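In: requesting a structural model of the entry that follows:
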Amino acid sequence: MADISIDRVSKVFTTARKRTVALNETSLAVATNEIVCVVGPSGCGKTTLLNLIAGFIGPTSGTITVGSREVAGPGADRAVVFQADAVFPWLNVGDNVGYGMRVQGLGRRERAERAERYLDLVGLAEFRSAYPKELSGGMRKRVDLARAYASGPEVLLLDEPFGALDLFTKEAMWLALQGVVRAEPKTIVFVTHDIEEALFLGDRVVVMTPRPARVHSVVDVPFGADRDLDLRAGPEFQALRNEIAHTLREVHDDAA
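Out: Numbers count the residues shown, from 1 in each chain. Model prediction:
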């Protein structure tokens, strides 16, 4: 079981022409099995933060630990779901979900059993033999989620995974993710532009400043684990939504 500690992390990208500070001494702690959603202005460094936790890039300064291990590169303890579909078009749904397990060296029978479990959790069991071209965008995203879970990570990192979906499909994916997390909790960092999405899914919402990004504020979400879509119409939900929207406008204006 993993928690995440981000301690005074900075990330500077340097080219021959310029030096860009993407993150500036950013600190954040994520508890085991907590869902933390990260919102902020476009280009503020949210994805950079996620890539640092994933180990795709290294910090310029500061440290990131998952559990007791300092992140020094990608690892099987972390899985990432991106906005773009990551399904392999030449593999059927079952084999897509089993791909990570095959890379890990699991046997065919265990792969099939685990793939079946996660396909059932995301509502795709009857499509195990279908190919991606036969699926809708939302269904392909369910395949991505099932594959990430099936590989057995301690931490799940989601980079605007539902950003390209229409509203109704997005809402269905919120409920699908909620169901999978209820069945098998994970430590999750979820990057999004959508304040309602962050409040519906997260235990806390982290508001980032414009680049060079740092944590501006953290909002505790008080709604409990079982949330239905009607929650969004309630006064407490709307008050928090307005509070976060106001904060984002404020930090944007301060940086302008």
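In: ranges for the helices of the stretch 51-200 of the chain?
Out: Here the stretch 51-200 of the chain has its helices, by DSSP state H, counting those that start in this stretch, at 93-103, 108-121, 137-150, 167-183, 195-201.
In: list the contacts of Asp95.
Out: Asp95 makes contacts with Phe88, as judged by C-beta atoms under 8 Å, 6 or more residues apart in numbering. Glycine gets a C-beta too; all of them are placed from N, C-alpha and C.
In: at 6 Å instead, please
Out: Applying C-beta atoms under 6 Å, 6 or more residues apart in numbering to Asp95 gives no contacts.
In: repeat that for Pro132.
Out: Pro132 is in contact with Val87, Pro89, Arg140, counting by C-beta under 6 Å, 6+ apart.
In: what's the spacing between the second one and Thr15?
Out: So that's Pro89. 34 Å (C-beta to C-beta, to the nearest Å).
In: ok, these two, which is more surrounded?
Out: Pro89 (10 against 7; other C-beta atoms under 10 Å).
In: just give the nearest non-adjacent residue to that one, would you?
Out: Pro132 (5.0 Å; C-beta to C-beta, 6 or more residues apart in numbering).
In: swap in Met173?
Out: Phe162 (4.8 Å).
In: ok, Ser129 next?
Out: Here the residue nearest Ser129, using C-beta to C-beta, 6+ apart, is Asn92, at 5.3 Å.
In: tell me, how many residues neighbour that neighbour?
Out: Using other C-beta under 10 Å, Asn92 has 18 other residues around it.
In: which ones are touching Phe88?
Out: Asn96.
In: repeat for the one 10 residues further on
Out: Contact analysis of Gly98 by C-beta under 6 Å, 6+ apart lists Arg111, Ala115.
In: before we move on, the earlier item: my guess is the residue nearest to Met173 contacts Lys170. True?
Out: Yes: counting by C-beta atoms under 6 Å, Phe162 sits close enough to Lys170 to count as a contact (4.6 Å).
In: phi and psi next, for the closest residue to His252 other than its chain neighbours.
Out: Distances taken as C-beta to C-beta, 6+ apart put Pro41 closest to His252, at 5.5 Å, once the chain neighbours are dropped. Dihedral angles of Pro41 (phi, psi; degrees, to the nearest 10) stand at phi -60, psi 150.
In: gap between Glu171 and Glu196?
Out: For Glu171, the distance to Glu196 - C-beta to C-beta - is 10 Å.
In: try Arg108
Out: Applying C-beta to C-beta, the value for Arg108 to Glu196 is 42 Å.
In: what does Arg214 give?
Out: Relative to Glu196, and taking C-beta to C-beta, Arg214 is found at 24 Å.
In: returning to that earlier point: more crowded one of Phe162 and Lys170?
Out: For Phe162 and Lys170, the more surrounded residue by other C-beta under 10 Å is Phe162, and the numbers stand at 26 against 18.
In: care to break the chain down by domain?
Out: Domain assignment for the chain by automatic domain parsing gives 1-77+156-176+188-256, 83-152.
In: neighbour count: Arg108 and Glu196, which is higher?
Out: Shown here are Arg108 and Glu196; by other C-beta under 10 Å, Glu196 has more neighbours (19 against 10).
In: so who does the more buried one touch?
Out: Contacts of Glu196 by C-beta under 6 Å, 6+ apart are Arg232.
In: just the pLDDT for it.
Out: Here, the pLDDT recorded for Glu196 equals 95.
In: ditto for Ala255
Out: Value for Ala255, per-residue pLDDT: 60.
In: and for Val81?
Out: 92.
In: what's around it, how many residues?
Out: By other C-beta under 10 Å, 21 other residues sit near Val81.
In: thought it was touching Leu158?
Out: Yes: assessed by C-beta under 6 Å, Val81 is found in contact with Leu158 at 4.8 Å.
In: would you mark the buried spots in the longest helix belonging to the chain?
Out: Identified as the longest helix of the chain according to DSSP state H is helix 235-255. Within helix 235-255, the residues scored as buried using 16 or more other C-beta atoms under 10 Å are Phe237, Leu240, Arg241, Ile244, Thr247, Leu248, Val251.
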